[in-house]
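Enquirer: quick one: sequence and predicted model below, then my questions.
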Amino acid sequence: MTPELTALSFAAILQIAQIALYAVLANLQVGVKYSLGARDEPRHLSGIAARAQRAMNNHFESLLLFAIGCAVISISEKTSVATSVAAWTYVTARVLYVPAYCFGWTPWRTIFWSIGLGAVTVLLIGAVV
């Protein structure tokens, strides 16, 4: 397996961890009875639960572009030191993004997001060059 696909696997595991974090925090806020029910009446999360949900959703959006970059790099056999470093930089930035978002670390959340986007850009450019 290429380093980029290994990094993609870790990014997917991070997504699962974020889903679990969000679920726990949301359940603590709205209660298990509501979570297990039909949820006909919407509940709005606040605080850390809402931030965990937004961080999770942001990773879903980002993960798609990262997966495309990793897949194209690996399938086209264009893996390099630069693309491997970019893939692991993305994973590291996304891991750091979660607490930065959940705890409101300004400006770190934006910095980590930007580093992740830059890493994805390196992957995608590496795939077409």
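Expert: Cool, the structure landed.
Enquirer: give the other helices and strands that the host helix or strand of residue 59 contacts.
Expert: Per DSSP states H and E, residue 59 falls inside helix 47-75. If contacts are counted by 3 or more Cβ pairs under 8 Å, 6 or more residues apart in numbering; DSSP states H and E, helix 47-75 sits against helix 3-30, helix 81-102, helix 108-128. Every C-beta, even on glycine, is put in place using the N, C-alpha and C of the backbone.
Enquirer: which residues does the shortest one contact?
Expert: Outside of helix 108-128, the residues that reach it under the criterion Cβ atoms under 8 Å, 6 or more residues apart in numbering are 4, 58, 62, 65-66, 68-70, 72-73, 76, 78, 80, 82-83, 86-87, 89-90, 93-94, 96-97, 100-101.
Enquirer: swap in 7 Å and give it another go.
Expert: 62, 65-66, 69-70, 72-73, 76, 78, 80, 82-83, 86-87, 89-90, 93-94, 96-97, 100-101 (Cβ atoms under 7 Å, 6 or more residues apart in numbering).
Enquirer: now the angle from it to helix 81-102?
Expert: 160 degrees (axes from the mean of the first three to the mean of the last three Cα atoms, to 10 degrees).
Enquirer: OK, contacts around the residue most central in space within the chain?
Expert: In the chain, the residue lying closest to the centroid (Cα atoms, centre = their mean) is residue 59, at 2.9 Å. Contact analysis of residue 59 by Cβ under 7 Å, 6+ apart lists 14-15, 18, 94.
Enquirer: pull up the gap between it and residue 96, please.
Expert: 12 Å (Cβ to Cβ, to the nearest Å).
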